[in-house]
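Undergrad: Provided below for reference: sequence and predicted model.
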Amino acid sequence: MLSCRHCHAETAAEQMSCGHVMCRPCLQRYVLAAEFVRETLHCPMRGCAAQLPSSQVRGLVGEKAYEQRMAAMVEEDAALARQTAEELAREDAAAEAEPRSAQRFLVQCPVCFDDGDLEESVALDCDHKLCAGC
């Protein structure tokens, strides 16, 4: 029996790769409160940067919880991708609806990195375009 470094309970404890010891319930609470699918988890002890191996994280949360969190992450990513695609489609539609004469074409000056109007830029023989100020 070891003493948990977090709650100080004398119980069967999990030893991390860094040597710190925590009881399984404390370590499970720590892992479940984190984004354990997206982020690399580190030892919860202050000042310790040791990583928790993914096999230990998976063992602590259990296969079912791990798979549920993974499925939720995939769904969140898919929803974000759909939202981004919809926003881009709206922006494209708005740009197409705008009369061509009202659209401004910008060029980034390779000297000062400012954006400038394409029609006011200075074209060089090498096809680079400088802003009117440079």
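TA: Thanks, I have the structure now.

Undergrad: Low-confidence ranges, the chain, go.
TA: Along the chain, the model assigns pLDDT under 70 to residues 1-2, 98-105.

Undergrad: From Leu80, how far off is the residue nearest to the spatial centre of it?
TA: The C-alpha lying nearest the average C-alpha coordinate of the chain belongs to Arg38 (CA atoms, centre = their mean; 7.8 Å). For Arg38, the distance to Leu80 equals 13 Å [CB to CB, to the nearest Å]. Placement of C-beta: from N, CA and C, glycine included.

Undergrad: Okay, buried residues for the strand or helix carrying Glu91 please.
TA: Using DSSP states H and E, Glu91 sits within helix 63-97. Residues Tyr66, Arg69 are the ones in helix 63-97 that count as buried (16 or more other CB atoms under 10 Å).

Undergrad: Skip ahead from it and say which helix or strand is next.
TA: Following helix 63-97 toward the C-terminus (DSSP H and E): strand 106-108.

Undergrad: what helices or strands is the helix or strand just after that next one leaning on?
TA: Going down the chain from strand 106-108, the next helix or strand is strand 115-117, by DSSP H and E. Contact partners of strand 115-117 among helices and strands, from 3 or more CB pairs under 8 Å, 6 or more residues apart in numbering; DSSP states H and E: strand 106-108.

Undergrad: which residues are contacting the strand it packs on?
TA: Residues from elsewhere that reach strand 106-108 (CB atoms under 8 Å, 6 or more residues apart in numbering): Asp114, Asp115, Gly116, Asp117, Leu118, Ser121, Lys129, Cys131.
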